[in-house]
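J.: The following comprises the amino acid sequence and a computationally predicted model.
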Amino acid sequence: MSTSVVYSHETVSLDGQFFSDCEFLKSRLIFAGGEPPISENCRFQDCEWRFDGPAGNTLAYLKNLWGAGEKASVQAAIKEITGAAR
């Protein structure tokens, strides 16, 4: 658990982590598809988000669906993510 930590110009693995009141400045944030991280009251500024492993595979699959004309399916997933589907 990280509380009130400032990450500046760092590479941070997110899988399974808990962050509270942290600040991420110009950092590389990597999610590899493990246990989803929890971020409470965190701030992000100019970060690079990377999705590796299974998380990257999921994004590649969604990109392939989009390219195959399944835009409605991908848009439905985005609505689910943003809560707009409710």
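T.: Thanks, I have the structure now.
J.: so where does S73 fall, helix or strand?
T.: Taking DSSP states H and E as the criterion, S73 maps to helix 71-82.
J.: per-residue confidence averaged over stretch 78-86?
T.: The pLDDT scores in stretch 78-86 average 85.
J.: C-alpha coordinates for it, PDB please?
T.: Taking Å, rounded to 0.1, in the frame of the first residue of the first chain, the C-alpha atoms of stretch 78-86 are listed here in PDB:
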ATOM      1  CA  ILE A  78     -16.400   1.700 -23.600                       C
ATOM      2  CA  LYS A  79     -19.900   2.500 -22.400                       C
ATOM      3  CA  GLU A  80     -19.600  -0.300 -19.800                       C
ATOM      4  CA  ILE A  81     -16.200   1.100 -18.700                       C
ATOM      5  CA  THR A  82     -17.400   4.700 -18.300                       C
ATOM      6  CA  GLY A  83     -20.700   3.700 -16.700                       C
ATOM      7  CA  ALA A  84     -22.700   5.200 -19.600                       C
ATOM      8  CA  ALA A  85     -24.400   1.900 -20.300                       C
ATOM      9  CA  ARG A  86     -26.500   2.200 -17.100                       C
END
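J.: what's that stretch in contact with?
T.: A76 (C-beta atoms under 8 Å, 6 or more residues apart in numbering). In short, each C-beta sits where N, CA and C put it, glycine included.
J.: Just give me how far that stretch sits from the chain centre.
T.: Offset of stretch 78-86 from its chain centre (C-alpha atoms, centre = their mean, to the nearest Å): 15 Å.
J.: Stretch 72-86 too?
T.: 16 Å.
J.: ditto for stretch 27-44
T.: Per C-alpha atoms, centre = their mean, the centroid offset for stretch 27-44 relative to its chain is 6 Å.
J.: ranges for the strands of this protein?
T.: Counting by DSSP state E, the chain has strands at residues 2-3, 6-8, 11-13, 18-20, 23-25, 28-31, 38-40, 43-45, 48-51.
J.: Can you add mean neighbour count and give the ones you listed back as CSV?
T.: Formatted as CSV, the strands of the chain follow (neighbours: other C-beta atoms under 10 Å):
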stretch, mean neighbour count
strand 2-3, 12
strand 6-8, 14
strand 11-13, 15
strand 18-20, 16
strand 23-25, 17
strand 28-31, 18
strand 38-40, 14
strand 43-45, 12
strand 48-51, 13
